[in-house]
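> kindly return the folded structure for what I paste below:
(one chain, ligands or ions: 2)
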Amino acid sequence: MTVIINPYDRKGIWLRGSFHNHTTNSDGHHPLSTVYRMYHDYDFLGISDHDLITEHEGEHTIGTVFEAIEVSSSQTHMLLVHPPRSLMDDYSNEFSITNYQRLSDICIENGGLSILAHPNRFFSHYWRHEDMLSMQRYNGIEVVNGDGNPEYDIAFDKWDYLLSAGRRVWGFGNDDSHVYGQEKRAWNMVLTEENTNGAILTAIREGSFYVSTGYGFDGIRVEDGQIIYDLRSSPLYDKMYKYVTLIGKDGCILHEETGRINQVKYTVKGDEGYIRIAVYLEGGFGAFAQPIFVE
Ligand SMILES: [Zn+2]
Ligand SMILES: [Zn+2]
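Ligands and ions are numbered 1, 2, ... in the order given. I've put the predicted structure just below:
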């Protein structure tokens, strides 16, 4: 019997946020108060300086803020969201699977998230396939990093690699903002019961979010063996072209559709392994949902 696991099968509200952003506490160009203003209309925001936990302080209009840290060896970077402060006891950014897994475990055991950052940053900080497989416990990888170098910032190939190897890891979108102009390029839309740290972390852990670079979904449902993607719809959006690709195990293209559409339906065959969707609105604005696993 085919079981279709839909991570969006829950009631809630959609909230927008980014977990990976820098301040002058590391190599960001702006102090925390300025970063708060850059993201004044976000529902949630994480501050993730290199190798230290920046404390949230001062006024802001963001619903929920997260402490975070970017573990930054000279090889790979790893984003930890909601780590305990005790992470800094015996802290080292040395890259070894043992050390990175230890830090990842401490954060996950605190109810936080562990995300492999910008896995394709080839000029220095990238994740090798074997290292991503050697790491046993993390929540996901950054599939879109907003740094501004498409050839280094996009990592859907590595996501398909991990998913095809049987790893259940989620895709994240984050700005990795350091300066003005890098804000609001890539973010996460989370379907959560309420705007609190706990509710957002729970929803993310269960894969109830998607990555956006400007477009989105109104909902993702499974009915009678069929996945129904309701693309974000409005009288204006409905006049625009959409470019839709459904992708399965080993990066196989399962379905493609183009047109002035606001819904995509796909009947599950049972051997897909997983099904994920990439949608582009004309102009290049994208939305990328989490995999729906088929067992
Ligand atoms: Zn980094
Ligand atoms: Zn960063």
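> so which bits of the helix or strand of the chain with the lowest mean pLDDT are buried?
In the chain, no helix or strand scores lower on mean pLDDT, DSSP states H and E than helix 150-153, which sits at a mean of 90. In terms of neighbour count (16 or more other CB atoms under 10 Å), helix 150-153 has its buried residues at Tyr152, Asp153. (Each C-beta comes from the backbone N, C-alpha and C, glycine too.)
> and the next helix or strand past that helix?
Reading on from helix 150-153 to the C-terminus, the next helix or strand found by DSSP states H and E is helix 156-164.
> other residues contacting that following helix?
With contact meaning CB atoms under 8 Å, 6 or more residues apart in numbering, helix 156-164 is reached by 119-120, 127, 129, 132-133, 141, 143, 169, 171, 247, 249-251, 273-274, 276, 278, 288, 291.
> make a PyMOL selection of the buried ones in the residues you listed.
Here is the PyMOL selection string for the buried members of the contacts of helix 156-164, based on 16+ other CB under 10 Å:
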select buried, resi 119+120+127+132+141+143+169+171+247+249+273+274+276+278+288+291
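> which parts of the stretch 151-295 of the chain are helices?
156-164, 197-205 (DSSP state H, counting those that start in this stretch).
> state the number of residues packed around the residue of the stretch 151-295 of the chain found nearest ligand 1.
In the stretch 151-295 of the chain, the residue found nearest to ligand 1 is Asp176; the distance is 6.3 Å by CB to the ion. By other CB atoms under 10 Å, 27 other residues sit near Asp176.
> ok, now which ones touch the residue of the stretch 101-250 of the chain found nearest ligand 2?
Nearest residue of the stretch 101-250 of the chain to ligand 2: Asp176, at 4.2 Å (CB to the ion). Residues in contact with Asp176 (CB under 8 Å, 6+ apart) are His20, Asn21, His22, Ala117, His118, Glu142, Asn145, Gly146, Asp147, Gln182.
> redo these as JSON lines? Include secondary structure.
Formatted as JSON lines, the contacts of Asp176 follow (DSSP: H, G, I helix; E, B strand; the rest coil):
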{"residue": "His20", "secondary structure": "coil"}
{"residue": "Asn21", "secondary structure": "strand"}
{"residue": "His22", "secondary structure": "coil"}
{"residue": "Ala117", "secondary structure": "coil"}
{"residue": "His118", "secondary structure": "coil"}
{"residue": "Glu142", "secondary structure": "strand"}
{"residue": "Asn145", "secondary structure": "strand"}
{"residue": "Gly146", "secondary structure": "coil"}
{"residue": "Asp147", "secondary structure": "coil"}
{"residue": "Gln182", "secondary structure": "coil"}
